[in-house]
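Asks: Model the following, please.
(one chain, ligands or ions: 1)
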Amino acid sequence: MMDNIKKDLDQCRKPLGTEGKEMVERMNKNHYEVTGWGLQMLNLQDDSTVIDLGCGGGKTVQRLTIHTPDGRVYGLDYSEDCVEWANQLNEEAVNEGKVVIIRGDVGNLPFEDEIFDVATAVETIYFWPDIERSFKEVYRSLKQGGEFLIINEAYPHEDHKEKNRAYEEIGDMVIPSGDQLHEWLRNAGFKKVVIELEEEKNWIRALATKE
Ligand SMILES: C[S@@+](CC[C@H](N)C(=O)[O-])C[C@H]1O[C@@H](n2cnc3c(N)ncnc32)[C@H](O)[C@@H]1O
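Replies: Below is the predicted model:
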């Protein structure tokens, strides 16, 4: 049982190979609802330039293109297989130059300063090795007025204590609270941070704006 959870969490951390492909297909479906809830916070424009960090199978990238018909959506992931799968899912938009999928690490973004209007991170920051450094990288790459949206399906809560603690231990991951997110985002330079919870589902969304 524990071995299976560990295997799954390892594939969530960095999906690779046949098992990774099955995992991203599951995530593309299973993260759809929480992603939709989170995306409501964004102030997307038709011509926004957006990046989805830890894009996995590329479903959120695909979804963001619908809201930015005159813009461009980037996806970034450190798994070479995810880059391939996200490219496949978004093939048409990639061929049109509307979507660009890049292999890279969130701790060292391969972009110049101030080029994105919006950055999103769905179900991924649990695995980032140095969250504050990565948040600083996001801040650097955002334009003035740019928005950084974090969407997680878990945060520390009494009703979910056992499950979340087991995940953190077995998966070597961090499930941050709203207060923790707030502190890291402020330390990265974001002055305005709004955090909202969906308590029954244990969901959390955080929107940080570069002012
Ligand atoms: C649980 S999956 C979520 C994928 C996708 N965002 C979704 O909602 O379906 C986490 C993703 O983050 C990526 N990831 C984790 N750490 C990363 C890092 N340091 N740099 C870039 N990508 C990372 C993983 O490769 C994986 O695709």
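Asks: wait, doesn't Val193 sit right on Leu185?
Replies: Yes. Between Val193 and Leu185 there is a contact under CB atoms under 8 Å: 4.9 Å. Yep, even glycine has a C-beta here, placed from its N, CA and C like the rest.
Asks: Now for the two: what residues contact both?
Replies: Ala206, Ala208 (CB atoms under 8 Å, 6 or more residues apart in numbering).
Asks: Where do the strands of the protein begin and end?
Replies: 49-53, 72-77, 99-103, 116-122, 142-152, 192-198, 203-209 (DSSP state E).
Asks: Quick one: closest of those to Met27.
Replies: In terms of CB to CB, the element of these nearest to Met27 is strand 116-122, at 9.0 Å.
Asks: Quick check: can you name the pairing partners of that closest one and their directions?
Replies: Strand 116-122 pairs in its sheet with strand 49-53 (parallel), strand 142-152 (parallel), by DSSP bridges.
Asks: what's the angle from the first one to strand 72-77?
Replies: For strand 49-53 and strand 72-77, the angle between their directions (axes from the mean of the first three to the mean of the last three CA atoms, to 10 degrees) works out to 20 degrees.
Asks: Give me the distance from strand 49-53 to the chain's centre.
Replies: 9 Å (CA atoms, centre = their mean, to the nearest Å).
Asks: got the contact list for it?
Replies: Residues outside strand 49-53 that contact it (CB under 8 Å, 6+ apart): 44, 60-61, 64, 68, 71-76, 106, 111, 115-122, 124, 138, 141.
Asks: filter these to the buried ones?
Replies: For the contacts of strand 49-53, a burial check counting by 16 or more other CB atoms under 10 Å picks out 44, 60-61, 64, 68, 71-76, 106, 116-122, 124, 138, 141.
Asks: ok, back up a step: Val193 and Leu185: which is more packed in?
Replies: Leu185 (25 against 19; other CB atoms under 10 Å).
Asks: For that one, give me its contacts.
Replies: Contacts of Leu185 (CB under 8 Å, 6+ apart): Phe135, Phe148, Val193, Ala206, Ala208.
Asks: With Lys6 instead?
Replies: Applying CB under 8 Å, 6+ apart, we find Lys6 in contact with Ile170, Gly171.
Asks: ok, it to Cys12 distance?
Replies: 11 Å (CB to CB, to the nearest Å).
Asks: which stretches of the chain have low pLDDT?
Replies: 1 (pLDDT under 70).
Asks: Flag every residue of it that's near the ligand.
Replies: For the chain, the residues in contact with the ligand (CB under 6 Å from any ligand atom) are 12-15, 27-28, 31, 54-57, 60, 77-79, 82, 105-107, 122-124, 127-128.
Asks: Report the buried members of these.
Replies: Buried among those (16+ other CB under 10 Å): 12-13, 15, 27-28, 31, 54-57, 60, 77, 79, 82, 105-106, 122-124, 127-128.
Asks: residue ranges of the helices in the chain, please?
Replies: Using DSSP state H, the helices of the chain run over residues 2-13, 17-30, 32-39, 59-67, 80-89, 91-95, 131-141, 161-171, 178-188.
Asks: For these, could you give me a markdown table that also reports distance to Lys201?
Replies: Conversion of the helices of the chain to a markdown table gives the following (distance: least, CB to CB, whole Å):
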| stretch | distance to Lys201 |
| --- | --- |
| helix 2-13 | 18 |
| helix 17-30 | 13 |
| helix 32-39 | 8 |
| helix 59-67 | 18 |
| helix 80-89 | 25 |
| helix 91-95 | 30 |
| helix 131-141 | 23 |
| helix 161-171 | 13 |
| helix 178-188 | 15 |
